[in-house]
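In: Give me a 3D structure for the following:
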Amino acid sequence: MVIQAVEKVSKAPQKEDLRQRLQDAAVAKRIEALIRKKLSSGVTRNMEIRSEAQGVIKIAGRILDKRNKDRAEKIAAEYPGVTKVINELKVIDSYLGYT
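Out: The predicted structure is shown next:
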């Protein structure tokens with residue numbers, strides 16, 4: 001039992017690690033709100049934005065055209081503190097599906 005307790009304590013997130021993860025999540029939410037404001041909510045409805053770590057933002061989901069995909073990436077890249085944007089948005093054709 002003592003070994004299990006020590007393992008759990010050593011796996012618990014450190015205060016600084018937890019603080020950093022919360023800050024990263026807050027940045028991702030701010031970027032998401034900014035993208036939704038600059039594009040339209042209809043365009044961004046199927047988009048998810050996450051902070052990976054150390055200023056890396058990942059954008060995933062589906063979007064209706066390449067222009068908006070590029071704009072979303074540019075908005076995220078220009079946000080203070082962002083060092084890299086991983087853009088995994090899939091462009092879909094509203095009639096044919098994925099392009």
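
In: And the contacts of the host helix or strand of I49?
Out: Per DSSP states H and E, I49 falls inside strand 47-53. Defining contact as CB atoms under 8 Å, 6 or more residues apart in numbering, one finds that strand 47-53 is touched by 20, 24-25, 27-29, 31-32, 35, 57-63, 72, 76, 86, 89. Placement of C-beta: from N, CA and C, glycine included.

In: run the last query once more with 6 Å
Out: Applying CB atoms under 6 Å, 6 or more residues apart in numbering, the contact partners of strand 47-53 are 24, 27-28, 31-32, 57-61.

In: next one: stretch 67-82
Out: 31, 34-35, 38-39, 43, 55, 57, 59, 63, 85, 87, 89, 91.

In: 7 Å instead, please
Out: Identification of contacts with stretch 67-82 by CB atoms under 7 Å, 6 or more residues apart in numbering yields 27, 31, 34-35, 38-39, 43, 47, 55, 57, 59, 63, 85, 87, 89, 91.

In: Which stretches in the protein count as helices?
Out: 2-11, 15-38, 41-44, 66-77 (DSSP state H).
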